[in-house]
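**Student:** Any chance you can model this:
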Amino acid sequence: MAAGGADGGPDPASRETFLERGRAMIPALRARAQRAERDRRMPDETHRAFADAGFYRLFQPARYGGYEMDWRLLVDMNVELGRGFRIAAETLGSGARRVACDVYDLEPEAARSPARSSA
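**Tutor:** So this is what the prediction gives:
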């Protein structure tokens, strides 16, 4: 992975960049948690924030416009997002695994168990 983005700023596809984006969402996730529980669905604002942050492309293969990150990042993202709202973290995690298995046919065993994937 490159050390920086094309504009000289931080690499938009670095692990730490995504973790920082997740940490920055914690207050908003907490603020929306009660509504999400009441409505029994993720708020549209949360889905938009995840999409804007690139979270839905984390594990998408690069050849399809994704970031093709490793599965350990999924665990780290779940930890960070879970500090704000556990269900938001689980939604991201289950969606990423499903897309990897069903759409891109990537290592289904590793996708089902990211914590057990190899280093």
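**Student:** Return the list of helices and strands in contact with the strand or helix carrying Arg72.
**Tutor:** Assigning secondary structure by DSSP states H and E places Arg72 in helix 71-82. Judged by 3 or more Cβ pairs under 8 Å, 6 or more residues apart in numbering; DSSP states H and E, helix 71-82 is in contact with helix 15-39, helix 86-98. (C-beta placed from N, C-alpha, C; glycine too.)
**Student:** buried residues in that helix?
**Tutor:** Within helix 71-82, the residues scored as buried using 16 or more other Cβ atoms under 10 Å are 71, 73-74, 76-78, 80-82.
**Student:** which one is Ile87 nearest to, not counting chain neighbours?
**Tutor:** Ala36 (6.3 Å; Cβ to Cβ, 6 or more residues apart in numbering).
**Student:** Now that that neighbour has come up, it's in contact with Ala89, right?
**Tutor:** No: using Cβ atoms under 8 Å, Ala36 makes no contact with Ala89, being 12.0 Å away.
**Student:** More neighbours: those two, which one.
**Tutor:** Ala89 (20 against 17; other Cβ atoms under 10 Å).
**Student:** could you dump the helices and strands packed on helix 71-82 to JSON lines with mean pLDDT?
**Tutor:** Converted to JSON lines, the helices and strands packed on helix 71-82 look like this (pLDDT from 0 to 100):
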{"stretch": "helix 15-39", "mean pLDDT": "96"}
{"stretch": "helix 86-98", "mean pLDDT": "80"}
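**Student:** Of those, which is nearest Gln60?
**Tutor:** Closest to Gln60 of the helices and strands packed on helix 71-82, according to Cβ to Cβ: helix 86-98, at 8.7 Å.
**Student:** what's in contact with stretch 29-45?
**Tutor:** If you take Cβ atoms under 8 Å, 6 or more residues apart in numbering as the criterion, stretch 29-45 is touched by 28, 46, 81, 84-85, 87-88, 91.
**Student:** and with 10 Å instead?
**Tutor:** 22, 25, 28, 46-47, 49-50, 80-89, 91-92 (Cβ atoms under 10 Å, 6 or more residues apart in numbering).
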